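[1] Okay, here's the prediction I keep looking at, along with the sequence it came from:
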2 protein chains.
Amino acid sequence: MLNDSEKLKIKIDDFKAKCREKGLKITPQRLAVYQTLLKSKMHPSAEMLFREVRKEVPNISLDTVNRTLLTLADIGDAFILEGSGDVKRFDADLKNHQHFKCVKCKKIIDFHHKPFDNIKVPESISSKYIVLRKTVYLEGICDICRKKK
Amino acid sequence: MLNDSEKLKIKIDDFKAKCREKGLKITPQRLAVYQTLLKSKMHPSAEMLFREVRKEVPNISLDTVNRTLLTLADIGDAFILEGSGDVKRFDADLKNHQHFKCVKCKKIIDFHHKPFDNIKVPESISSKYIVLRKTVYLEGICDICRKKK
DNA sequence: CTCTGTGCAAACACTTTGCAGCTAA
DNA sequence: TTAGCTGCAAAGTGTTTGCACAGAG
């Protein structure tokens, strides 16, 4: 079994390879952002990560962190947590149902799949936290945007 | 079986009762926002709903719509769709895992519950849309915020 | 009459864009 | 050398706040 620092090294190397492959330059800022995100356990926002990265690369700008994160999401080395970052969307339908969101046009499609209604929250969560809502959330590309491409 | 307009009427009456119970005033604006949200099938943002409500109450302000929606979420007659509305949050952990988010402190807690890893997307969705990500998403109050209260 | 809700405007937070200089390849 | 990257500043978008007046209870 590899230890953590070895695992980290491998990930970084993979990342470098991927950058080269995609024609992205390997800059100290990019590496720092990626590395810091890898080590972070709190699903940081750009701002949070920025403060962290700054400890290593003091003159990095928030914009660079922002752009780098988007790049990472783009090449698939990170992802943006479910739906975050969009404007608030509201729903008054309190009945059990699930949502599919198109990442292109942001449309939200309701669906109802019985087996998803009563998913069981694991003991490890329910014993410690108060669960107010549990949902299955799908993200992808809708039929219309699919055709456009 | 009740028809749609009867169902709507009942919901509105329930809503009025709840307002009275909570000491909230029943204003035309509030009713219009709630009613329009109930009828809306597109999970509108404040802006979208504002445009809609304006057709009925032409001089309502966007702020009122915004505030009313937050109030609705507060009293439990509507909810904010999974994760929408917050700043972007990133995750570099590409392994299968799920998230629990505390609605108070916005902390996101990872957990991994094997049965959630391979939830089956219903045919009705997978045949029409391209599903890129599927997640189980829980929302509630974390242990720390729970104690604070 | 009282106190909450509304509308307006300003402040705010976060993100995106444009651009000139810099730097990895 | 040269495309892509960075840092700064400005603009953009959505949300929140403060306040005086209006209107529900």
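    Yes, it's here. Residues are numbered from 1 along each chain as shown, chains lettered A, B, ... in the order given.
[2] For chain A, just list every one of the strands.
    In chain A, strands defined by DSSP state E lie at A:79-80, A:90-91, A:98-102, A:108-111, A:130-141, listed in chain order.
[3] near DNA strand D at all, the second one?
    If I follow you right, that is strand A:90-91. No. Shown here: strand A:90-91 not in contact with DNA strand D (Cβ under 7 Å from any atom of the strand), separated by at least 9.4 Å. The C-beta positions use only the backbone N, C-alpha and C, and glycine is treated the same way.
[4] what's in contact with that strand?
    B:37, B:43-46, B:49, B:69, B:72-73, B:78-81 (Cβ atoms under 8 Å, 6 or more residues apart in numbering or on different chains).
[5] ok, back up a step: among the strands of chain A, which comes closest to DNA strand C?
    Nearest to DNA strand C, of all the strands of chain A, is strand A:79-80, at 9.0 Å by Cβ to the nearest atom of the strand.
[6] Show me the strands paired with the closest one, marking each as parallel or antiparallel.
    Strand A:79-80 has these partner strands in its sheet, going by DSSP bridges: strand B:90-91 (antiparallel).
[7] Could you dump the strands of chain A into JSON lines and include mean pLDDT, mean neighbour count and distance to B:I119?
    As requested, those are arranged in JSON lines below (pLDDT from 0 to 100; neighbours: other Cβ atoms under 10 Å in any protein chain shown; distance: least, Cβ to Cβ, whole Å):
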{"stretch": "strand A:79-80", "mean pLDDT": "92", "mean neighbour count": "19", "distance to B:I119": "18"}
{"stretch": "strand A:90-91", "mean pLDDT": "95", "mean neighbour count": "22", "distance to B:I119": "21"}
{"stretch": "strand A:98-102", "mean pLDDT": "93", "mean neighbour count": "22", "distance to B:I119": "10"}
{"stretch": "strand A:108-111", "mean pLDDT": "93", "mean neighbour count": "18", "distance to B:I119": "13"}
{"stretch": "strand A:130-141", "mean pLDDT": "92", "mean neighbour count": "19", "distance to B:I119": "6"}
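[8] Output those in a markdown table, with distance to B:R20 appended to each entry.
    As requested, the strands of chain A are arranged in a markdown table below (distance: least, Cβ to Cβ, whole Å):
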| stretch | distance to B:R20 |
| --- | --- |
| strand A:79-80 | 42 |
| strand A:90-91 | 23 |
| strand A:98-102 | 32 |
| strand A:108-111 | 31 |
| strand A:130-141 | 24 |
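[9] in chain A, which spans are helices?
    A:4-22, A:28-39, A:46-54, A:62-75, A:114-117, A:123-126, A:143-148 (DSSP state H).
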